[in-house]
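Asks: this one's sequence-less:
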Ligand code: HEM
Ligand code: HEM
């Protein structure tokens, strides 16, 4: 099952799973912010930590995506061989960029907001769901091509 010669193919999933750890902690804090702002619940929002962990997760996912594409091409001489995993992976790209840019903007120009934070939080939550789907499709890629 575990082919030694294929160890490099585990670099991409390892980076993405590390990104998931940071991303889900970011989402947890973001959910508290959502409840505090839109549902008037009493929750503290660790602003700086949310921004830091959010940046780390998005950098990891972006870098990991590049590593996945690189190794897929190096291994099978072809892009998009992984089907659904590739399609969802590419759909994730704009979500990564928009979540980052909206978050960056709100961090740069701090003020009371109603809508931009909703767009940011909604896209961030969607991102976290799709990334989880990638764990499932990623395991399918392993069982089809590697194991
Ligand atoms: C995994 C990535 C991320 C997720 C899932 C996420 C999720 C969220 C959620 C759900 C909220 C609450 C939105 C609301 O109150 O309606 C939020 C708020 C916020 N996020 Fe993120 N975020 C992510 C990354 C980032 C990044 C990279 C930055 C900055 C560069 C950032 C900056 C902010 C700021 C400043 C707020 C507070 C906005 C406000 O209430 O005025 N986030 N985020
Ligand atoms: C943020 C989450 C992820 C994204 C955006 C992503 C995206 C991608 C992309 C775009 C490729 C290139 C596919 C192609 O050209 O056909 C790829 C390859 C691959 N992905 Fe992912 N992926 C993610 C998470 C995962 C996870 C969690 C696993 C494993 C459980 C995984 C397993 C694989 C495998 C085995 C490959 C083949 C190349 C390699 O192993 O380096 N991916 N991924």
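Replies: Structure's in. What do you need? For clarity, every value in this text was computed on a predicted model and none was experimentally measured. Ligands and ions are numbered 1, 2, ... in the order given.
Asks: Could you pull out the buried residues of the biggest helix by length in the chain?
Replies: Using DSSP state H to define each element, the chain has its longest helix at helix 47-76. Across helix 47-76, burial judged by 16 or more other CB atoms under 10 Å covers 50-51, 53-58, 60-62, 64-65, 67-69, 71-72. C-beta coordinates here come from the backbone N, C-alpha and C atoms, glycine included.
Asks: how far does it sit from the chain's center?
Replies: 7 Å (CA atoms, centre = their mean, to the nearest Å).
Asks: Between helix 47-76 and the helix or strand following it, find me the angle.
Replies: Counting by DSSP states H and E, the next helix or strand C-terminal to helix 47-76 is helix 84-108. Angle of helix 84-108 versus helix 47-76, following axes from the mean of the first three to the mean of the last three CA atoms, to 10 degrees, is 150 degrees.
Asks: The residue of the chain found nearest ligand 2: what's it in contact with?
Replies: Relative to ligand 2, the nearest point of the chain is residue 138 (2.3 Å; CB to the nearest ligand atom). For residue 138, the contact set (CB atoms under 8 Å, 6 or more residues apart in numbering) comprises 13, 16, 85.
Asks: now, among those, which is nearest to residue 26?
Replies: residue 16 (14.8 Å; CB to CB).
Asks: Tell me, how many residues neighbour the closest one?
Replies: Residues near residue 16, counting by other CB atoms under 10 Å, number 23.
Asks: Make residue 1 into 680 and carry on from there
Replies: Will do, 680 is the new start, and the previous item becomes residue 695.
Asks: That one: what's it in contact with?
Replies: Taking CB under 8 Å, 6+ apart, we find residue 695 in contact with 739, 740, 743, 744, 747, 810, 813, 814, 817.
Asks: confidence score at the second one?
Replies: Looking back up the chat, that one is residue 740. For residue 740, the pLDDT comes out at 98.
Asks: ditto for the fifth one
Replies: What the model reports as pLDDT for residue 747 is 97.
Asks: repeat for the last one
Replies: Residue 817 is assigned a predicted lDDT (pLDDT) of 98.
Asks: now the third one
Replies: As summarised for this prediction, residue 743 has a pLDDT of 98.
Asks: List the residues that contact it.
Replies: Contacts of residue 743 by CB under 8 Å, 6+ apart are 691, 694, 695, 698.
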